[in-house]
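Asker: predicted coordinates and the sequence they were generated for:
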Amino acid sequence: MNTRLLFLGNNGPTFVTHRLVLARAAKARGWQVHAAVPYQEVWTDRIRVAGIAAHDIPLKRGGRDPVGEWRLFRTCQRLIADIRPDIVHCITLKPILYGGIAARLARVPAVVHAMTGLGYLFLYQDWRTRLQRAAALRGYAFALGHPNARAIFQNEHDRAAFVERGLVNAERVAMIPGVGVDLAEFAAQPEPEGPVVVGFPARIIGDKGVHEFVAAARQLKAAGVQARFALIGRTDPDNPTEVAEATIRGWEAEGVVEWWGFRFDMPAAYARCHILCLPSYMEGWPKVLVEAAAIGRPAVTTDVPGCRDVVRDGETGLLVPPRDAAATAAALRRMIEDTALRRRMGVKARARAEVEFSVDRFVADSLAVYDALLPGRR
């Protein structure tokens, strides 16, 4: 039997960098593999070149328009009716909600829900978000209640948040920490020559801690610390905490940071840095910190779920409180001025990546989830 697998994701770039390797592995089994993400030519082309059927869905990650959300749900329903998948793999909260409900109503044989972080719906407490959360939780309970499903969590905090709310049965949970890293592509690299470069490898949004990063850079430059600070990522108009390009250009003009933009050659970008900094407010299992570890770079990041699971404080990097620019600056200064410390941490980070962060392990664990849901379909 030709097993049909449908991925539902929230954007093309993340699917290509995080899940395309899994899609290829399923295709190598002889499965018919489909990926539905919002259309972006360069990323959709990459999906198709890999031999995966690509479909467009009208998903806006920060969208709150009821008409747009209904269109997304109906698109998921039509895709499932047309493809008739044996298994639907929903990635991130919005595809889990709408794709999961559509899959359950259509009686798809098996469903996988991949939680990659709790997002703004769980992070913020304003009245509008609380209202949306109350409504969404009912939908998640239905979507996750499919009789033959697994919910994949990347860290214990997120798993507990769903299990304790009664949204998912603990017996139907799989723990897969992150999506791994290609240890050959992200090979260990020596520190570059010249002044210390601190990289911020993430989307330029408030939730990733970009304001704290810029404030820390400003403090350190005012104190005479000799270092460069680089933003490595794109803007994200769909995110409620997006930073406008004009603001970023203003930071550049001020001389506080450099903006390298979105990079396809991330191994080379990491290799140009001495330290990586991600002062994020919450993560599932941040791939950029795993990639930095593989290159052999220590990180300064926040003591929040996801980040603290990847970075061991005092061993492979330094943890700081979230939303604390002064603490971020102090940790960065310590690492900038202590060459031996950061090199020692970089070596330990690479060693841990080799043992725990291999992409092969992620693929094997994910395929094992499929096999548990569809025995005999290897």
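Answerer: On my side now, so go ahead.

Asker: and Tyr140, which helix or strand is it part of?
Answerer: Element membership of Tyr140 [criterion: DSSP states H and E] is helix 127-144.

Asker: run through who's touching the next helix or strand after that helix.
Answerer: Next along the chain after helix 127-144, taking DSSP H and E as the criterion, comes strand 149-153. Contacting residues not belonging to strand 149-153 are listed as 100, 110-115, 144, 159, 162, 168, 172-176, 284, 366, 369, 372-373 [Cβ atoms under 8 Å, 6 or more residues apart in numbering]. Just so you know, the C-beta spots here come from the backbone N, C-alpha and C atoms, and that holds for glycine as well.

Asker: filter those residues down to the ones in helices?
Answerer: Those of the contacts of strand 149-153 mapping onto helices are 100, 144, 159, 162, 366, 369, 372-373, per DSSP state H.

Asker: what subset of those is buried?
Answerer: Among the ones in helices among the contacts of strand 149-153, those scoring as buried are 100, 144, 159, 162, 366, 369, 373 (criterion: 16 or more other Cβ atoms under 10 Å).

Asker: show me which of those is closest to Met266.
Answerer: Ser366 (21.7 Å; Cβ to Cβ).

Asker: please, which helix or strand holds the closest residue to the closest one other than its chain neighbours?
Answerer: Nearest residue to Ser366, sequence neighbours excluded (Cβ to Cβ, 6 or more residues apart in numbering): Leu22, at 5.3 Å. Taking DSSP H and E as the criterion, Leu22 maps to helix 20-28.

Asker: who touches the helix or strand that that helix is followed by?
Answerer: Remark: after helix 20-28, the chain's next helix or strand is strand 32-37, criterion DSSP H and E. The contact list for strand 32-37 (Cβ under 8 Å, 6+ apart) reads 2-12, 15, 19, 23, 26-27, 43-44, 47, 51-57, 59, 76, 79, 83, 85.

Asker: same check, this time on stretch 257-272
Answerer: 185-187, 189, 192, 197, 199-201, 204, 213-214, 217, 228-234, 248-249, 251-252, 276, 291-292, 295, 297.

Asker: what sits against Val363?
Answerer: By Cβ under 8 Å, 6+ apart, the neighbours of Val363 are 21-22, 25, 180.

Asker: surely the residue nearest to Ser366 touches Phe362?
Answerer: Yes - A contact is recorded between Leu22 and Phe362 when judged using Cβ atoms under 8 Å, the distance being 7.4 Å.

Asker: ok so, going back, by neighbours, which of the contacts of Val363 wins?
Answerer: Among the contacts of Val363, the one with the most neighbours (other Cβ atoms under 10 Å) is Gly180, at 27 neighbours.

Asker: list the neighbouring strands of the strand or helix carrying Ala230 plus their orientation.
Answerer: According to DSSP H and E, Ala230 maps onto strand 227-232. In the sheet, strand 227-232 lines up against strand 196-201 (parallel), strand 258-259 (parallel) (DSSP bridges).

Asker: now do Gly376 against Pro147, distance only.
Answerer: 18 Å (Cβ to Cβ, to the nearest Å).

Asker: same deal with Ala174?
Answerer: 16 Å.

Asker: so between these two, which is more surrounded?
Answerer: Remark: of Ala174 and Pro147, Ala174 carries more neighbours, 17 against 10, as counted by other Cβ under 10 Å.
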